[in-house]
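Colleague: Here is my input; please provide its structure:
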Amino acid sequence: MVNRENGGNHSKGCRPLYDGPVNLHWTSTRQIGAGLNNLGNTCFLNSVLQCLTYTPPLAAYAIESRHRRDECRSNGFCALCVTSSHIKRALDAPGRVISPGALCQNIRHISKCFRIGRQEDAHEFTRLLVEAMQKASLRAYKQVSPLQSETTFVHQAFGGR
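Modeller: From the prediction side, this is the model:
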């Protein structure tokens, strides 16, 4: 778990936007979740979703419904809502195959360059999806300092240092 008391941004005097746990390790054993349908050259998207589904902090965040569509302040597409929903669906459907349709239908919200049906770069998609989740985390706030933007769940889980 990330320790915010020794060097975290909260101790530097800014109020954190997310102050819940960021579990860096699995807290329990789970079955392998669902596989993903390929919806026409969506291998890049499917591989990224599989990796994110089994990333402990993001999986715990999704399973515990810490970001829910009914509480989201986003008007329209929210990368964090869609990704969290996908992770919960995948982990709740072991042995089945599910479709990543919600993300495929909204891929242009992540990047105008991406198109379903074309081969795309998984690394670039990962980077842009995490960036879109970070933007979704910040959307509810009118003014956020650069230091405070480092206190979102997404930045704490994926920001690195």
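
Colleague: which residues in the protein form strands?
Modeller: 35-36, 97-98 (DSSP state E).

Colleague: Deepest in the core, which of the ones you listed is it.
Modeller: Comparing the strands of the chain by mean neighbour count (mean count of other C-beta atoms under 10 Å), strand 35-36 ranks first with a mean of 18. For every residue, glycine as well, the C-beta is placed using N, CA and C.

Colleague: Okay, now the sheet partners of that one, with direction.
Modeller: strand 97-98 (parallel) (DSSP bridges).

Colleague: quick revisit: can I get the strands of the chain in JSON lines including distance to Tyr18?
Modeller: Below are these laid out as JSON lines (distance: least, C-beta to C-beta, whole Å):
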{"stretch": "strand 35-36", "distance to Tyr18": "28"}
{"stretch": "strand 97-98", "distance to Tyr18": "28"}
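
Colleague: Which elements pack onto the helix of greatest length in the chain?
Modeller: If you go by DSSP state H, the chain has its longest helix at helix 122-138. Under the contact criterion of 3 or more C-beta pairs under 8 Å, 6 or more residues apart in numbering; DSSP states H and E, helix 122-138 touches helix 43-53, helix 79-91, helix 107-110, helix 153-158.
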